[in-house]
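> below are the sequence and a predicted model for it; my questions follow.
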2 protein chains.
Amino acid sequence: MSESAIRPRKEFGKTIAADITHRLREEIIACGLPPGEPLRFDVLRERFGASFTTLREALTALAAEGLVDAQEQRGFRVAPVSRQDLMEVTDARVLIEVELIRRSIERGDDDWEIAVISTLHRLKRIEQRDPEHPLRDPEWKIAHRQFHQALVSACGSATLLAIRAELFDRAERYRHLSANFRPRPRDKAGEHQAIMQAAISRNADLAVQLIETHIRSTADNVATYAAHLLDTE
Amino acid sequence: MSESAIRPRKEFGKTIAADITHRLREEIIACGLPPGEPLRFDVLRERFGASFTTLREALTALAAEGLVDAQEQRGFRVAPVSRQDLMEVTDARVLIEVELIRRSIERGDDDWEIAVISTLHRLKRIEQRDPEHPLRDPEWKIAHRQFHQALVSACGSATLLAIRAELFDRAERYRHLSANFRPRPRDKAGEHQAIMQAAISRNADLAVQLIETHIRSTADNVATYAAHLLDTE
DNA sequence: AACGGTATGATTTTCGAAAATATTGGTTTG
DNA sequence: CAAACCAATATTTTCGAAAATCATACCGTT
């Protein structure tokens, strides 16, 4: 009765299109498909084993998320990067994330506190294993995402959470872009710890200030160490 | 040499998919396709004269915009409406639009001022023609959208403008929802005039306050007069 | 009657061929 | 020599048939 003993066709989501969307998104965020790269159907067809129209559906969805650039009649390409875009994404993230943190601190219940504490705990455990290269560890990526997600999860607005998620993905791509050139990770562990404590103790002003610094300094780092990739576009 | 003397295939955009996306969006916003309505391919195929896959692409794009609800393996339907969703959209709009107005007032140049003044002028001209039922006039809809678009157009962030546009569409659908039951339009003309004056005179605090009131009172109106459509979902 | 399973029909989802459009390279013309 | 034109090729876009999946109604059993 096992759905597929050999090789599951759909690892994520029920439809192939949703699955391809997910896999393509991951690859673009991780810069496995570099910014600006043309996305030709022949190549994608071979790589992902799906037909034209299914791929087209996935690319259309990613275009709406801002990770893919659709040029009508001239195909798709990975969304290019630029200093301007990095700045816009950073600003938008600050605007929205700050608001969502405030609302979460205002409204969060016991479950919210537990989620914040436990996701941070897992993040720290993973960081202990390999403190040098966290961004290369896919588990760290997931845990990091889940901690930040937990912080805002009690805000009460699915609409704003969806927007936040898109911006988070776009920002994460920039982090990956500079990861190979960044000499050493900042003291993220300490920052995360401080943010957690401010949130749990319901100190909204402090939490907001820490989050804003966290977001902006990450972006500054990217702008510094990926400068050669941002100016030549 | 005319591209199509009989009947243009693509009225908007270069690809059929983009064209269908546009037409479907308009219909959903205008509630020609009512909230919750199942979107069956047979029906759409006949109505829009496109094939399965093309329609699928359009529906996928609209799902990413929040106007369509994709239920994997069970097709698509027009996104349902609810009091909660209306509230979320309203809150998100206030958060973003307020910020964009501030930035536009800060950065807007002569061209921006001209755009604000001229779009308002056109809006008023159209309102004079038929002051009773502005929302039913498609020209009023376009002019109204363009005035609000002009106000924020100088904010400098394409990212936030795209988010704003999606939220505007979702809000406009709610306005249409209640349009048939609203006894009389509020004094929108006066409100628009006041917003324009505050913006042009670079009174950011006043403009922001007027916009917030404008958005929230519109939403309150919808919640009142479309109550029977919002609670039974 | 209630429940569970199964066949049947309806609907979505996927595919690869075919049509439409863009790009490239070569040829001619001014 | 540059520009404009055209042909040949590469690529995207669209289509409808076929496969996969879901919903419904029917039937037998408890």
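Received the coordinates, thanks.
> OK, contacts around A:Glu27?
A:Leu33 (C-beta atoms under 8 Å, 6 or more residues apart in numbering or on different chains). (Glycine included, C-beta is placed from N, CA and C.)
> ok, the helix or strand containing it near DNA strand D or not?
Element membership for A:Glu27 (DSSP states H and E) is helix A:16-29. No. Applying C-beta under 7 Å from any atom of the strand, one finds helix A:16-29 separated from DNA strand D by no less than 8.9 Å.
> need the residues that contact stretch A:142-154.
A:97, A:100-101, A:103-104, A:107-109, A:112, A:115-116, A:119-120, A:122-123, A:126, A:134, A:161, A:164-165, A:168, A:172, A:192, A:195-196, A:199, A:211.
> show the buried residues in those.
A:97, A:100-101, A:103-104, A:108, A:112, A:115-116, A:119-120, A:122-123, A:126, A:134, A:161, A:164, A:168, A:172, A:192, A:195-196, A:199, A:211 (16 or more other C-beta atoms under 10 Å in any protein chain shown).
> now the most centrally placed residue in chain A: which helix or strand?
With distances taken as C-alpha atoms, centre = their mean, A:Asp169 lies nearest the centre of chain A, 2.9 Å away. Assigned by DSSP H and E, A:Asp169 belongs to helix A:158-179.
> can you give me the pLDDT of the residue in chain A that DNA strand C sits nearest to?
Per C-beta to the nearest atom of the strand, the residue of chain A with the smallest distance to DNA strand C is A:Ile16, at 2.9 Å. Model confidence at A:Ile16, given as pLDDT, is 96.
> the residue in chain A that chain B sits nearest to and B:Leu59, how far apart?
Going by C-beta to the nearest C-beta, chain B is nearest to A:Ala64 of chain A, at 3.4 Å. Counting by C-beta to C-beta, to the nearest Å, the separation of A:Ala64 from B:Leu59 is 12 Å.
> ok, these two, which is more surrounded?
B:Leu59 (25 against 21; other C-beta atoms under 10 Å in any protein chain shown).
> hmm, B:Leu24 and the more buried one touching each other?
Yes. B:Leu59 lies in contact with B:Leu24 (C-beta atoms under 8 Å); the separation is 7.4 Å.
> hey, what's in contact with both of the two?
B:Val68.
> run through the strands of chain A in chain order.
A:38-39, A:68-70, A:76-78 (DSSP state E).
> show me what the second one is packed against.
Contacts of strand A:68-70 with other secondary structure elements, assessed using 3 or more C-beta pairs under 8 Å, 6 or more residues apart in numbering or on different chains; DSSP states H and E, are made with helix A:52-65, strand A:76-78.
> what do you get for the last one?
The elements that strand A:76-78 packs onto, with contact taken as 3+ C-beta pairs under 8 Å, 6+ apart, are strand A:38-39, strand A:68-70.
> okay, buried residues for the longest one please.
Yep, that's strand A:68-70 we're talking about. A:Val68, A:Asp69, A:Ala70.
> partner strands of it, with direction?
Looking at strand A:68-70 with DSSP bridges, its partner strands are strand A:76-78 (antiparallel).
> same list (the helices and strands packed on strand A:76-78) but as TSV, adding distance to DNA strand C.
Converted to TSV, the helices and strands packed on strand A:76-78 look like this (distance: least, C-beta to the nearest atom of the strand, whole Å):
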stretch	distance to DNA strand C
strand A:38-39	10
strand A:68-70	13
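> and the residue of chain A closest to DNA strand C, how many neighbours?
18.
> and for A:Asp130?
12.
> can I assume it is in contact with A:Asp137?
Yes. Counting by C-beta under 8 Å, A:Asp137 is a contact partner of A:Asp130 at 6.0 Å.
> what does chain A put close to chain B?
A:13-15, A:17-18, A:53, A:56-57, A:60-61, A:63-66, A:72-73, A:85, A:88-89, A:91-92, A:95-96, A:99, A:157-160, A:162-163, A:167 (C-beta under 8 Å from any C-beta of the partner chain).
> which residues of chain A score low on pLDDT?
Filtered on pLDDT under 70, chain A yields the residue ranges A:1-11, A:13, A:131-134, A:184-186, A:232-233.
> redo that, cut-off 90
A:1-14, A:127-138, A:179-190, A:230-233 (pLDDT under 90).
> what sits against the closest residue to DNA strand D within it?
Proximity of chain A to DNA strand D (C-beta to the nearest atom of the strand) peaks at A:Gly75, 3.2 Å away. By C-beta under 8 Å, 6+ apart, A:Gly75 lies in contact with A:Pro38, A:Leu39, A:Arg40, A:Phe41.
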